[in-house]
Structures are given as structure tokens and as C-alpha cells.
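Engineer: coordinates for the following, if possible.
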Amino acid sequence: MVPTQSHIPTGRPLWSLLEDAFIDEGAEHLTVHGRWGAIKLADPSPIVREALHRMSLGPVALENISALHENFVRWKTGSGPCLVWRRLKNTLDQLGGCVVPSLGLDDGAGPILSVVAVTGDAVFTLPHVEDDEIVSTRPGTEIERLNGDQALTCPGRQYQVILHSAPATEIAKTLLDSDTTIAQIAESLQVSRTLVADVVAYLAGAQLVAARC
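Structural biologist: Next comes the predicted model:
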């Protein structure tokens, strides 16, 4: 399936930088140094600086930046132009694998999963998957222990997904068991379809699952 639209999470998108990344700031420049080298950003604006500072502290909700909040809400609700958010997202895309997208719930308890790149040129997207589309894991995908956490991995893919807690772990295990749909997973685990759709979109964005009509 070729994604024709992006998924907008009903949960809480969180963002951080890899633990070994650091920011070099100057009056006229902004550079992020990571395991794949240095990346000089084309946009050193105050919003980008504030976002990167917060991301360096761990998974954060970028909509808490006051100058970004209204734009972010419009993006989440599809209620109008969100040029400031899209400009920031383009900058985050420039950072490639230095950025760690995570998914949290509205309980503020931290992420239930995090998408960690294994290549520097990885750019994360969220493909939309319909509730009735058949979803399957890529061949070779499995759950393994990684630095004390459970991680969904697949040889040759640009990402691995750290499964921090339920229900992300249970959803991933259900996907490994057999081909299924978002609707079927939601019914079998007794969780909301929107939550399952969020997790599946993040796993699809990590190239670990694929959907077909």
C-alpha cells in the first residue's frame, strides 16, 4: 500500500533528541551534533531553538511552546493552516535519525513507545491506516531485549521501536501473531480503535508493519 495521507494521532506526539546528540548555538547559526556527524540547520529561528532545547531534555510535547500551540491545535484538528508547525517539522526532518518521535497518552505518564533510528538518513512519517485494512509485520520482525527494554526490530530497516509499556507491547505482540486489522486488535484487547490506530501508524512509520487493502 502506498500511503495517500498522513495519520494525525489522537494520542500525544512527543519528541526528543538521541541521548548522545548536543546543540551548538550561535547568534547566526544552529548546529546539532550526533552520532552521524554535524547538521547545520537552515532555520535558526527562536521557535526551533526552543524546540531543540526542550527535546534535549527528553520526550516533550512541543505544543507546550506558546508560539506553537495554536498552530499545533489546528494541525491536530484539521481546522486551518498550520504553517509554523510545518516549518518546524521540516527542520526536524532535516535532523534525520537524531530525532526520536514517541507516542504518549493524555495521562502525562510518558511515552508508551519510541521510534529510534539506526541510520542517520531516516525521516519519520506517519502513514494513515484504515481500521479495516489488513496489517502485517515485515518478515524478520521480532521483539528483543534492548538495554533492558523490549524493542520491535527488523533487519535492514531504518528504525527500531522501543515498547515502553502497555498497550503498545500488547498491540505489537498481536501483530506478530498473525495478519489482522486495527478493528480486530481493538476488539480483542478491549482498547479504543483510535489508540490502536496511533500505535499501528507509528509502527508503519518505522517500516516494521505494512497494510494492504
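
Engineer: quick one: furthest residue from the center of the chain?
Structural biologist: Ala27 (30.3 Å; CA atoms, centre = their mean).

Engineer: so what's Leu88 up against?
Structural biologist: Residues near Leu88 by CB atoms under 8 Å, 6 or more residues apart in numbering: 47-48, 51, 62, 68. Heads up, the C-betas are built off the backbone N, CA and C, glycines and all.

Engineer: and the strands in this structure?
Structural biologist: Along the chain, the segments classed as strands by DSSP state E run 12-17, 22-25, 30-34, 37-40, 99-104, 111-117, 134-137, 142-146, 149-153, 159-163, 209-212.

Engineer: can you say which of these is nearest to Arg87?
Structural biologist: strand 30-34 (13.9 Å; CB to CB).

Engineer: these two touch, right, Glu115 and Val100?
Structural biologist: To be clear, residue 115 is Val; Glu isn't right here. Yes - counting by CB atoms under 8 Å, Val100 is a contact partner of Val115 at 6.6 Å.

Engineer: closest to Thr125 out of the strands of the chain?
Structural biologist: strand 99-104 (9.7 Å).

Engineer: can you list the strands that that closest one pairs with?
Structural biologist: Sheet pairing here is set by DSSP bridges, and for strand 99-104 it gives strand 12-17 (antiparallel), strand 111-117 (antiparallel).

Engineer: what's that strand in contact with?
Structural biologist: For strand 99-104, using CB under 8 Å, 6+ apart, the contacting residues are 9, 11-18, 55, 59, 61, 92, 110-117, 124, 168, 198-199, 202, 205.

Engineer: of the residues you listed, grab the buried ones for ChimeraX.
Structural biologist: Restricted to buried positions by 16 or more other CB atoms under 10 Å, the ChimeraX selection for the contacts of strand 99-104 reads:
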select :9,11,12,13,14,15,16,17,18,55,59,61,92,111,112,113,114,115,116,117,124,168,198,199,202,205
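
Engineer: from the contacts of Leu88, pick the one nearest Ala186.
Structural biologist: Distances from Ala186 to those, taken by CB to CB, are shortest for Leu62, at 27.8 Å.
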